[in-house]
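>>> missing the sequence, but the structure's below:
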């Protein structure tokens, strides 16, 4: 009998943008082998093309680079570039996938990425990575930091491929014999248990809208072209200039909704990301230009609905001085005055038609579905929506109509990076849920070369100074710093790199370590908080203990903050390098400590998010404790009757409650709170109010949020005024108040986008419109008014907005300094609002008023948990993720994750998504057999210790105790956080901290 | 010449050092005469380090955590 399991413990991920990378990493870390298939010759997708990312203005490449490297060199991610999926046959758990691997004509295992071939290649081709703004060669690498770091030949352009006897210059140039023009396409078959589709999106082709002059007028560019214009690795090295004449633009305009919200060209959806990226581009462009730059954004509704987006918008408006022009743009023509400027003709807020000239116009292009996937989806029977996006099955977040095939990223509908990352982790969770029994059957374990013993060796230090594109190099004289490093004691090697974090540089570091027999490595670049682990990994691969590494920050804390003082910044960088060199000389290897791992999970909060997490964790085979402080499960979803697109929410919630309560692996506690927490990842002990102690390895925080109880608009004083959730129950119960009403008014942004709550509650516009449509259905005669500031029906919800307008719902925009005024009368509430077009007050005798009141955090509850689990909250009392862009469900504290409204306002589908994402991330921890503690802990010199107990008294982690017999302090390395409070209070100098000893710190001071 | 003090800063990795990174991300400009030493926690600061810094010629020491 065959012992081969029926299911296959591998997953196919189609598309290697940030979604594909995240899903692959999560799965590979959770015990599944991943085939990552990419049609281009390198992974990365769109993120490497972006200059900066909103709302943190992080450099896109800088934050992506570590993930690219992790993914590229992960033992359990098989990256197959230049390939496409031909067919998928089979059933969940057991699919056969046919791949076509197109000929690359360069062997990536031999290619060193040196680029000599491209120097010799005579054929110039528009560079699609740079949006055609400059040329590349027929043999090319997609972008500088690409993985695999190998060239590829464009067969449609190469002379030799067209004529086998022609050219061949690259062959002579290549020292590695990596090029072979006779390679052919290969068809291969692989077996996987499930499939994740994340092919991303296509850019809208602006040429379709002739009135914007794209393609005709060289100074009209797309937003992607502008990203490349800004980027240090772009065609102009980050120097902002017009494509037509190289002139520095002094006045730049952005045109929103190009290829979005346009039913005439079958794009009746909102692309969701363009408002934010346009603001970001305007802010960054201003920052970029050494002269005052004028920026203006022409928009219809400003849709800054994501976490911290509204603050970014406010700041752009009031601090950065970006001009926002609410308008309809008719056309862009050449100004015709010899300047090459763009003349933008538009109708303003009040309907007046006018024009304004700009040096450069940027079209904020929308997201199209990826064309090549439409065909594949047809072949696989995967259903697409009417716009050809693979909109997830209702209330699944990531499901398609085909079991075992999941979707993530922009292919499922336009979305930004954090949502894409979340969805990718969610797809990882769902695709693994059915494969739990074959987990770890196909994965390999990483083996490092044996660690070199450096004890007693003469210190030999290598220093790598990073340009970070132009981020450091444009301010700090990087080569000079590297030269200076060579003069320092112990330094035997120093160099400068364009990007020290790129794949090729990490290979270079390894080579240099071997060649120069280095036993200390220093990188002077960005923040150790983001990049130190990556470099330490490189050391491990080179056979060095990772703690023989020291990093110094000459970007975030030098070039970026001393932009106008290049000489002083260079001096500072030299000092910082010197300090690092002095410290490094005293570094010693530190061995990590392995501890047992508890494989149970605690989920805090029994709403939809918490329950979804619990159910999914149970499917992965883990035991779950679900704690809810209320007497009932369901949370705020108990008050929701209608989904945004017609889902039956009460049925969904009761089904979920049923699943949770009948699942043997889930223990449910209701009516209890958390009273204390001890321990750390893998070994948490949480004490609940019943006195019970729950032992668990990971924690998922899903505590939800609340509806704001308005103090404005007569709420609580007049029973005609209610919140949306209160309106929801009237609607569901078919209340006569709705059927008899003549005028119903909805007011948006009640308590949101206000100084005390400077965020958008995200879901209220859509919810109000959904309710308005239900009102119209129940009572077609009623007049329904929607008083709003911006309608934020992002993504496919835009269709609801279109429907509402076609059904006669009246939209009236009010301005924040002239809000609607309410006056109670005997048989109505009189609402007075000033219409922005007519500019006169309108009076509405309202029978019912629905207030779209804000989503507010459960501040008290969250702040308790925040202290218990040592995780931060933002100003509004929502939990703050480890990184806004790439770690949307993680915390800095290992083993603690979050999801749902506790993170910020979101709708039900999005909460479900995030709940699964938290599981996807938690599984990367739970799949490990042991927890490895870094080992940077306190240690005691027994000969010096007097056993006074001062360390025990000051230790916040309760990790030190004085042994009553031996009368010396003993450190529990598992609990020790390495804070060093003990070391600084020890009177005998007996306690020290590994990796940060007194001697090392003094050495740094000696360097000054 | 204008007086330019030399400042040594001990910053906690988890808060103030992260804050200094954030200042960078926000491109908040400040004088370049500060040298930061990253420490695991402000609890790590031994008073002797401060004295040592002053003896090395620092005009001021900033500890933040």
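Received it, and whenever you're ready, just let me know what you need. What you see is a predicted model; the values in this text were computed from it and never measured.
>>> Any chance you could list what contacts the helix or strand of chain B with the lowest mean pLDDT?
Across the helices and strands of chain B, mean confidence by mean pLDDT, DSSP states H and E is lowest for helix B:16-25: a mean of 84. Helix B:16-25 is contacted by residues A:56-58, A:527, A:529, A:553, A:555-557, A:560-561, B:11, B:30, B:36, B:38, B:42, B:64-65 when judged by C-beta atoms under 8 Å, 6 or more residues apart in numbering or on different chains. Bear in mind the C-beta positions are built from the backbone N, C-alpha and C, glycine included.
>>> which parts of that helix are buried?
For helix B:16-25, a neighbour-count test (16 or more other C-beta atoms under 10 Å in any protein chain shown) marks B:16, B:17, B:18, B:20, B:21, B:23, B:24, B:25 as buried.
>>> ok, of the residues you listed, which one's closest to chain A?
residue B:24 (3.2 Å; C-beta to the nearest C-beta).
>>> Could you look up the SS state of the residue nearest to that closest one when sequence neighbours are not counted?
Of all residues not flanking residue B:24 in the chain, residue A:556 sits nearest, at 3.2 Å (C-beta to C-beta, 6 or more residues apart in numbering or on different chains). Assigned with DSSP: H, G, I helix; E, B strand; the rest coil, residue A:556 falls in the helix class.
>>> you'd agree residue A:556 is up against residue A:527?
Yes - between residue A:556 and residue A:527 there is a contact under C-beta atoms under 8 Å: 4.9 Å.
>>> hang on, the earlier thing: tell me the gap between the least confident helix or strand of chain B and the middle of its chain.
12 Å (C-alpha atoms, centre = their mean, to the nearest Å).
>>> Okay, helices next: where are they in the stretch 601-750 of chain A?
A:608-619, A:649-662, A:724-732, A:736-739 (DSSP state H, counting those that start in this stretch).
>>> Repeat that for chain B.
B:16-25, B:47-55 (DSSP state H).
>>> Can I get these in JSON lines including distance to residue A:834?
Formatted as JSON lines, the helices of chain B follow (distance: least, C-beta to C-beta, whole Å):
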{"stretch": "helix B:16-25", "distance to residue A:834": "40"}
{"stretch": "helix B:47-55", "distance to residue A:834": "61"}
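>>> Next, give phi and psi for the nearest residue to residue A:697 once chain neighbours are set aside.
Ranked by C-beta to C-beta, 6+ apart and with sequence neighbours excluded, the top spatial neighbour of residue A:697 is residue A:598, at 3.9 Å. Per-residue torsions, residue A:598: phi -90, psi 130 (degrees, to the nearest 10).
>>> swap in residue A:419?
Torsion angles, degrees, to the nearest 10, at residue A:419: phi -70, psi -30.
>>> need the residues of chain B near chain A, please.
Within chain B, the positions adjacent to chain A are B:6, B:8, B:13-14, B:17-18, B:20-21, B:23-33, B:35-41, B:43-49, B:52-53, B:56-58 by C-beta under 8 Å from any C-beta of the partner chain.
>>> could you flag which of those residues are buried?
B:8, B:13-14, B:17-18, B:20-21, B:23-25, B:32-33, B:35-41, B:43-46, B:49, B:52-53, B:58.
>>> Is there a neighbour count for the residue in the stretch 701-850 of chain A that chain B sits nearest to? I'd like the number.
Proximity of the stretch 701-850 of chain A to chain B (C-beta to the nearest C-beta) peaks at residue A:758, 17.0 Å away. Other residues lying near residue A:758 total 16 when counted by other C-beta atoms under 10 Å in any protein chain shown.
>>> Check residue A:777 too.
Other residues close to residue A:777 by other C-beta under 10 Å number 10.
>>> coming back round to it: between the buried residues of helix B:16-25, which is closest to residue A:70?
residue B:21 (20.8 Å; C-beta to C-beta).
>>> Name the residues of the helix or strand of chain A with the lowest mean pLDDT that are buried.
Across the helices and strands of chain A, mean pLDDT, DSSP H and E gives its lowest value to strand A:930-933, namely a mean of 83. The neighbour-count check on strand A:930-933 (16+ other C-beta under 10 Å) flags A:931, A:933 as buried.
>>> any idea which helix or strand comes after it?
Heading C-terminal from strand A:930-933, the first helix or strand you meet, by DSSP states H and E, is strand A:938-940.
>>> I figured residue A:412 was touching residue A:391, is that so?
Yes - Residue A:412 is within contact range of residue A:391, at 6.2 Å (criterion: C-beta under 8 Å).
>>> Looking at these two, which is more packed in?
residue A:412 (28 against 21).
>>> Dump the buried residues of helix B:16-25 to TSV, plus distance to residue A:512.
As requested, these are arranged in TSV below (distance: C-beta to C-beta, whole Å):
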residue	distance to residue A:512
B:16	33
B:17	28
B:18	30
B:20	30
B:21	27
B:23	32
B:24	28
B:25	30
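>>> helix, strand or coil for residue A:415?
From three-state DSSP, the assignment for residue A:415 is coil.
>>> ok, the residue lying closest to it once chain neighbours are set aside - contacts?
Using C-beta to C-beta, 6+ apart and skipping residues adjacent in sequence, the residue nearest residue A:415 is residue A:272, 5.8 Å away. By C-beta under 8 Å, 6+ apart, the contact list for residue A:272 reads A:303, A:367, A:413, A:414, A:415, A:416, A:794, A:795.
>>> right, and out of those, which lies closest to residue A:962?
Closest to residue A:962, out of all of those and judged by C-beta to C-beta, is residue A:416, at 52.9 Å.
>>> what sits against the closest residue to the closest one other than its chain neighbours?
Among residues not flanking residue A:416 along the chain, residue A:273 sits closest, at 4.8 Å (C-beta to C-beta, 6+ apart). Neighbouring residues of residue A:273 by C-beta under 8 Å, 6+ apart: A:367, A:414, A:415, A:416.
>>> In TSV, list these along with pLDDT and neighbour count.
Shown next, in TSV, are those (pLDDT from 0 to 100; neighbours: other C-beta atoms under 10 Å in any protein chain shown):
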residue	pLDDT	neighbour count
A:367	98	27
A:414	98	25
A:415	97	26
A:416	97	19
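>>> what's the span of stretch A:620-629 from first residue to last?
End-to-end distance of stretch A:620-629: 25 Å, with C-alpha to C-alpha, to the nearest Å as the criterion.
>>> Now do that stretch: distance to the chain's middle.
Worked out by C-alpha atoms, centre = their mean, stretch A:620-629 lies 26 Å from the chain centre.
>>> residues of it that come out buried?
Result for stretch A:620-629 [16+ other C-beta under 10 Å]: buried residues A:620, A:621, A:622, A:623, A:624, A:625, A:626, A:627, A:628, A:629.
>>> go on, stretch A:340-354?
Under 16+ other C-beta under 10 Å, the buried positions of stretch A:340-354 are A:340, A:341, A:342, A:343, A:344, A:346.
>>> In strands only, show me those.
Judged by DSSP state E, the subset of the buried residues of stretch A:340-354 located in strands is A:342, A:343, A:344, A:346.
>>> Same list (those) but as JSON lines, adding pLDDT and distance to chain B.
Shown next, in JSON lines, are these (pLDDT from 0 to 100; distance: C-beta to the nearest C-beta, whole Å):
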{"residue": "A:342", "pLDDT": "97", "distance to chain B": "29"}
{"residue": "A:343", "pLDDT": "97", "distance to chain B": "33"}
{"residue": "A:344", "pLDDT": "98", "distance to chain B": "29"}
{"residue": "A:346", "pLDDT": "98", "distance to chain B": "32"}
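>>> Could I get those residues in JSON lines, plus columns for distance to residue A:420?
Listed next are these as JSON lines, based on distance: C-beta to C-beta, whole Å:
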{"residue": "A:342", "distance to residue A:420": "32"}
{"residue": "A:343", "distance to residue A:420": "37"}
{"residue": "A:344", "distance to residue A:420": "32"}
{"residue": "A:346", "distance to residue A:420": "32"}
